[in-house]
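> Starting from these lines, generate the structure:
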Amino acid sequence: MSSLTLDAEALYGDLLRSVRLLLASYDQPPLLVGVASGGAWLAQRLQKDLGLAGEPGIISSSMHRDDFSQRGLASSAQTLLPFDVNGAHLIMVDDVLYTGRTLRAVLNELFDYGRPASVKLVVLVDRGGRELPVQPDLAVARVALPAAQTLALARAENGQFSFQVQDR
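Residues are numbered from 1 along each chain as shown. Here you go, the predicted model:
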């Protein structure tokens, strides 16, 4: 089995540059919403590095997952949207896009809070393997991994990002 090496910090730098360009295309800066937990970490760091006021939103997939009966409530952060989503332009940030099921769940959660004007999806890594018709507006990297492996963003105490590849 080949070993996958991804430099999460370098990919974050590419994400930062790309989101900065994306923000420039709006009259009013859109609001950042991070998918718990890796996407929330990315959104928090982007908010700071882009010099945006306030805090980004955090959105959880826990309550709308199609496997809720098996998983129950995840230990990840719960939804916290410190702004009104009605009529807002949002940039949803996630670390790894795989099947699309988490994104389906967080979109359902988001619409429990209101109706945004638009939602753009940006991801650090798109690993393919989609089971639902969900595509990112921006993916910094695309990788192929066997279905038997997981790819997750990790954050060290100093805030530095890395990736963990594990067998299921």
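> and the host helix or strand of L46, what does it pack onto?
Following DSSP states H and E, one finds L46 within helix 38-49. Applying 3 or more C-beta pairs under 8 Å, 6 or more residues apart in numbering; DSSP states H and E, we find helix 38-49 packed against helix 8-24, strand 31-35, strand 57-59, strand 89-97, strand 118-126, strand 149-155. C-beta: built from backbone N, CA, C; applies to glycine.
> any idea which helix or strand carries the closest residue to D126 other than its chain neighbours?
Distances taken as C-beta to C-beta, 6 or more residues apart in numbering put A139 closest to D126, at 3.9 Å, once the chain neighbours are dropped. Using DSSP H and E, the element containing A139 is strand 138-142.
> quick one: buried residues of that strand?
In terms of neighbour count (16 or more other C-beta atoms under 10 Å), strand 138-142 has its buried residues at 138-141.
> what packs against that strand?
If you count contacts as 3+ C-beta pairs under 8 Å, 6+ apart, strand 138-142 packs onto helix 8-24, strand 118-126.
> Okay, buried residues for the longest one please.
Looking back up the chat, that one is helix 8-24. Those would be 8, 11-12, 15-16, 19, 23, for helix 8-24 by 16+ other C-beta under 10 Å.
> ditto for the last one
If you call a residue buried by 16+ other C-beta under 10 Å, then strand 118-126 has these buried ones: 119-126.
> quick revisit: could you work out the most separated pair of the buried residues of helix 8-24?
The largest separation in those, counting by C-beta to C-beta, is between A8 and L23 at 21.7 Å.
> Could you verify my assumption that N108 touches H64?
Yes: N108 is within contact range of H64, at 4.0 Å (criterion: C-beta atoms under 8 Å).
> Between those two, which has more neighbouring residues?
H64 (18 against 13; other C-beta atoms under 10 Å).
> From Q166, how far off is that one?
Counting by C-beta to C-beta, to the nearest Å, the gap from H64 to Q166 is 25 Å.
> what's the answer for R101, then?
Counting by C-beta to C-beta, the gap from R101 to Q166 is 19 Å.
> In this protein, where is pLDDT below threshold?
1-3, 65-76 (pLDDT under 70).
> which residue is nearest the centroid of the protein?
Nearest to the mean C-alpha position of the chain, by C-alpha atoms, centre = their mean, lies D94 at 1.1 Å.
> which residues does R142 contact?
Shown in contact with R142 (C-beta atoms under 8 Å, 6 or more residues apart in numbering): 125-128.
> for it, which residues make a bridge with it?
Using DSSP bridges, the beta-bridge partners of R142 come out as D126.
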